[in-house]
Every structure is written in structure tokens, then in C-alpha cells.
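Student: sequence first, then the predicted structure, then my questions.
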Amino acid sequence: MIYGFFGSIPGSPHNRGAHALRGNGKTMCLTFTGYLDYLNGRRVISNYKTVFSEYIPIQEIADMVMSENIKDTTILLSEIQVYINSLGADSEVLKTFIGSVIGQSRKRNVDVHYDTQRYGDIHPRLRVQTDRAYLPRKFHFDGSPCSVDRCEKVHIIYLYMHDPYQYEPITHIRADVVGQLYDSNEIVAVPPKRVRKRKKKEDE
Ligand SMILES: [Zn+2]
């Protein structure tokens with residue numbers, strides 16, 4: 001299955017309200033669903049660091065996906081559109097990557113969970129193949145929606161499903177608890193080349 005977590009979905013009834021565009025909890029929900037798979041005994045790999053998954057740079061994950069060298073695995077990809085954009089519009093690599101993601105999620109028991117800022121930014125082919133589209137919304141404990149990107153209050157994230165549409169949130173999570181599963185300050189939205197450079201620096 002392919003699951004998408006979005007910062008905004010224009011036109012979705014869930015999109016209403018004075019919620020912050022960024023920091024709505026999409027990576028937190030991405031991490032949470034991956035963690036549930038981990039608890040169920042699945043192998044989980046991710047392009048960002050968590051306390052339960054194997055961290056693998058997105059270029060290597062893409063190579064694994066495209067060479068079909070992967071099965072029975074949950075893949076967490078944060079800011080997937082940054083990688084997709086780096087491949088160039090309608091390039092062969094892009095088509096191969098998206099085709100492999102779709103094909104493997106159907107045939108090899110590979111689940112792909114991704115997040116991205118805007119629903120409309122994701123490649124149309126991947127978007128139509130996304131089985132579940134989620135829109136998290138961030139609230140305070142007093143029930144008021146959070147409208148500040150960087151807010152120090154304690155939050156609760158309501159996970160709404162846009163497609164297939166469900167009126168009520170499917171679950172809610174405590175940001176202070178799930179936030180301990182990963183480093184939310186880690187920058188993952190960098191093109192693959194810069195990732196490699198940075199990794200080299202760390203190795204030195
Ligand atoms: Zn807040």
C-alpha cells in the first residue's frame with residue numbers, strides 16, 4: 001500500500017481552519033504509522049533518523065526499490081517531492097522510480113509511507129496510486145487549533161483521512177510522546193547530492 005501524509009490538501013473539508021501550513025504533524029504521523037508496523041515485527045527503513053527504523057539515504061532507498069532488492073518492508077520517506085523534483089520532470093529515472101514504488105508495493109509486500117507539503121506537488125502518477133491520503137491537524141490540549149509554525153505548547157495531532165474520505169479523525173496522537181521517536185529538527189529536505197556531501201563530512 002502507498003500512504004501519503006500532507007501539509008495541505010486544497011479543497012478538502014479537513015483543510016479548513018486557521019492551522020499552520022507547516023508543522024501540522026505530517027512527519028509525526030508518518031513516523032507513528034511506521035512505528036506501528038515496527039511493533040508488528042516488520043522491517044522499517046527511513047530517509048530520516050528514528051529510534052526504531054534503519055536510516056538509509058533516499059538515493060540508496062531509491063536504488064533498492066528500482067533494483068527490486070527489497071521485500072516485506074515498510075519504507076518511510078519524508079519530503080519525497082524533494083527527491084522526485086531532483087530527478088527532473090518526466091525523466092526516465094523518475095518514471096522508473098515511481099513505477100517501481102507502485103509495482104513493489106503491490107507485489108512484494110512493500111508499504112511506502114511518504115509525506116510532502118502540498119497535495120498538488122506530488123507527481124500525478126504517484127498521487128493517483130496513493131491508497132490513503134491523510135491530512136493531520138494540530139491542536140492544543142484546550143481544543144484550539146494551532147496556527148503557529150513554531151509553537152512551544154503541548155500538542156495533540158488529529159489524523160484525518162482525505163481519500164477515501166472520512167469525516168471523523170481516524171486517530172489522534174500526543175505530539176510530546178511520538179516526538180520522542182525521531183528528531184524533528186533534522187533536516188531531510190535536501191537534494192541527494194547535498195545529502196552525500198554532508199554524509200562525507202560526517203565520515204571525516
Ligand atoms: Zn501550538
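Tutor: Received, thanks. The structure displayed is predicted, hence computed values, not measured ones.

Student: separation between Gln166 and the ion?
Tutor: Remark: distance between Gln166 and the ion (C-beta to the ion, to the nearest Å) = 24 Å. Heads up, the C-betas are built off the backbone N, CA and C, glycines and all.

Student: residue contacts, the closest residue to Phe52 other than its chain neighbours?
Tutor: Once flanking residues are discounted, Phe52 sits nearest to Tyr38: 4.6 Å by C-beta to C-beta, 6 or more residues apart in numbering. Contact analysis of Tyr38 by C-beta atoms under 8 Å, 6 or more residues apart in numbering lists Val44, Phe52, Ser53, Thr74.

Student: of these, grab the buried ones for ChimeraX.
Tutor: Of those, the buried ones go into a single ChimeraX selection, burial set by 16 or more other C-beta atoms under 10 Å:
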select :44,53,74
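
Student: ok, which pair from the contacts of Tyr38 is furthest apart?
Tutor: Across the contacts of Tyr38, the longest distance by C-beta to C-beta is 10.6 Å; it joins Phe52 and Thr74.

Student: which neighbours do those two have in common?
Tutor: Residues touching both Phe52 and Thr74 by C-beta under 8 Å, 6+ apart: Gly34, Tyr38, Val44.

Student: quick check, pLDDT for the first one.
Tutor: So that's Gly34. On pLDDT, Gly34 comes in at 97.

Student: and what of the one 3 residues further on?
Tutor: What the model reports for Asp37 is a pLDDT of 97.

Student: how about Thr171?
Tutor: Per-residue pLDDT puts Thr171 at 95.

Student: for the closest residue to it other than its chain neighbours, which three-state class applies?
Tutor: Excluding its sequence neighbours, the residue lying closest to Thr171 (C-beta to C-beta, 6+ apart) is Leu159, at 5.1 Å. Secondary structure for Leu159, judged by DSSP: H, G, I helix; E, B strand; the rest coil, is strand.

Student: what is the nearest of the shared contacts of Phe52 and Thr74 to the ion?
Tutor: Distances from the ion to the shared contacts of Phe52 and Thr74, taken as C-beta to the ion, are shortest for Gly34 (23.8 Å).

Student: any chance of the shared contacts of Phe52 and Thr74 in CSV, plus distance to Tyr167?
Tutor: Putting these into CSV (distance: C-beta to C-beta, whole Å) gives the following:
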residue, distance to Tyr167
Gly34, 26
Tyr38, 29
Val44, 30
